[in-house]
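Student: Pasting the sequence and the predicted coordinates here, then a few questions.
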Amino acid sequence: MSVRARDIFKAGLIGDNPVYRQVLGICSALAVTNLLANTLFMCFGVVFTATLTNVTVSLLRRHIPKRVRMIAQVLIIASYVMMVDTLIRALNPDIHRFIGPYVGLIITNCIIMGRAEAFAAQNPPWPSLLDGLACGLGYSLVLIAIALVREPMGFGTLLGIPLPARELWWHSWTIMLMPPGAFFMLAILTWIARSRTGAKETSA
Amino acid sequence: MNRNAPGYVLGFMALLCAVFGAGVATVHYATRDMLAANERLNHNRVVCSAFGLPVEGRAPADYARAMEQALVVATVPDGRGGARSVYRRADADPPVVGFTFWGMGFWDRIEGFAVMTADLETLVRLRFLDHKETPGLGARIEEAAFLDQFEGLRPDWTAAPDRRVMIGPAAPTQAGNRVDAVTGATQTSSALMRFLNEELERLRALDWTSLEFEPLPGSEP
């Protein structure tokens, strides 16, 4: 991997992580992370859509009329989201019942629109693909980390498998099943991540 | 080429729509058999759950077999110009019938399945086949806390047609035909009450004695 490719990938995953650095995609991060299986399907949807949208926007960047570029990007994103939605509905209808409404909301996920506009519209396809993939994986990293805490604490399971000897020691933290639990986890994760990556706020 | 010329903009967007529309249609076409099978499985699961049928295994064939062994079906007018199925479980005491009901919810169509005693005096169980209500609000109609309230509910046939079953605040609060609405989802609850009552009215108008129930397609003779 070239230096530039590595930089793009590291930025999307860690340095400019879309969730804890850019504070994008928070709605679904809170909504779907009480079960790891739901989270994984949601992450698949975002990675797929972000990557393909970036590549498509990049390929068309010299042809998209400037004044309708946002409409064109939304059309591209919506098409990929509908494909993902259909695939999840076909492959796993049970999970689709829970995350279906949020899959539809990927269309309005700021990460995808933001990266298409800020990066893919100005860069060649290969770096754009890496950027979309990295941002999708960066989003997934945070969601999976939250789900790895919420599901065991809330349901006493991991991917639906009961924790070992849970009847002896485990007690459900109901708050972890509800959106406030996700807020707390996201805040703690953001705190840890930002302190470890050395991010400093500068006053205006 | 001037990329901001109206002709170019219109042509570009038309081409983009055509290409991506074809892409979406292709994915849908390629998965149509899986989608249809999933829909059948969901329907059969809901029907088995609503009738309380014992199902051996979790495979689609297990649900289909459980239905074939326990249920008979009749086709009746749906009151909206079409036809639909009414199921009857012959071995239940008292006999029970099951039917789908649907109507517009807050966002989209809500489709449910209800099982009642054959005299239509008592609701046995209510389940939902499909809905697009808001997660955390209207979508909570699928939760056990809401659904369990319908078990044993007795529609008040002396009340006005839109109040045979009450969902939400009503006096007296302990009435046998009333259940609590979902908090924060008044529109969903009201819509459900409206079209459930409409369905009850249509069912009552049926001439039950003339219905010819037959084994489900695929049943052993």
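Tutor: Perfect, I can see it now.

Student: low-scoring pLDDT stretches of chain A, where are they?
Tutor: Across chain A, the ranges flagged by pLDDT under 70 are A:1-3, A:198-204.

Student: near chain B, which residues of chain A?
Tutor: A:31, A:63-68, A:71-72, A:75-76, A:79, A:82-83, A:86-87, A:89-91, A:93, A:98, A:100-102, A:179 (C-beta under 8 Å from any C-beta of the partner chain). No exception for glycine: its C-beta is placed from N, CA and C like everyone else's.

Student: make it 7 Å
Tutor: Listed as neighbours of chain B in chain A under the rule C-beta under 7 Å from any C-beta of the partner chain: A:31, A:63, A:65-68, A:72, A:75-76, A:79, A:82-83, A:86-87, A:89-90, A:93, A:101.

Student: Write the PyMOL selection for whichever of the residues you listed are buried.
Tutor: Only the buried entries of those go into this PyMOL selection, using 16 or more other C-beta atoms under 10 Å in any protein chain shown:
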select buried, chain A and resi 31+65+68+72+75+76+79+82+83+86+87+89+90+93+101
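
Student: Select from the residues of chain A next to chain B every entry located in strands.
Tutor: In strands, defined here by DSSP state E, there are no members of those.

Student: Name the nearest residue to A:G25, ignoring sequence neighbours.
Tutor: Here the nearest residue to A:G25 in space, its sequence neighbours aside, is A:I111; by C-beta to C-beta, 6 or more residues apart in numbering or on different chains that works out to 4.7 Å.

Student: now for the helix or strand hosting A:F98, which elements pack on it?
Tutor: If you go by DSSP states H and E, A:F98 is part of helix A:93-105. In terms of contacts (3 or more C-beta pairs under 7 Å, 6 or more residues apart in numbering or on different chains; DSSP states H and E), helix A:93-105 is packed against helix A:26-31, helix A:36-59, helix A:69-91.

Student: so of the ones you listed, which one's packed in deepest?
Tutor: Of all these, helix A:36-59 carries the top mean neighbour count, a mean of 23, counting by mean count of other C-beta atoms under 10 Å in any protein chain shown.

Student: thinking again about what came up before, to the chain's geometric centre, what's the distance from the helix holding A:F98?
Tutor: 15 Å (C-alpha atoms, centre = their mean, to the nearest Å).

Student: who does the helix or strand that comes right after it touch, helix- and strand-wise?
Tutor: Using DSSP H and E, the helix or strand that follows helix A:93-105 in sequence is helix A:110-118. On a contact count with 3+ C-beta pairs under 7 Å, 6+ apart, helix A:110-118 meets helix A:36-59, helix A:69-91, helix A:125-155.

Student: Can you show me the strands along chain B?
Tutor: So, for chain B - with DSSP E - the strands run B:71-77, B:83-89, B:96-104, B:109-117, B:123-130, B:166-167, B:178-179, B:214-215.

Student: nearest to chain A, of those strands?
Tutor: strand B:123-130 (8.8 Å; C-beta to the nearest C-beta).

Student: quick revisit: show me the one of the helices and strands packed on helix A:93-105 that comes nearest A:L159.
Tutor: helix A:36-59 (5.2 Å; C-beta to C-beta).
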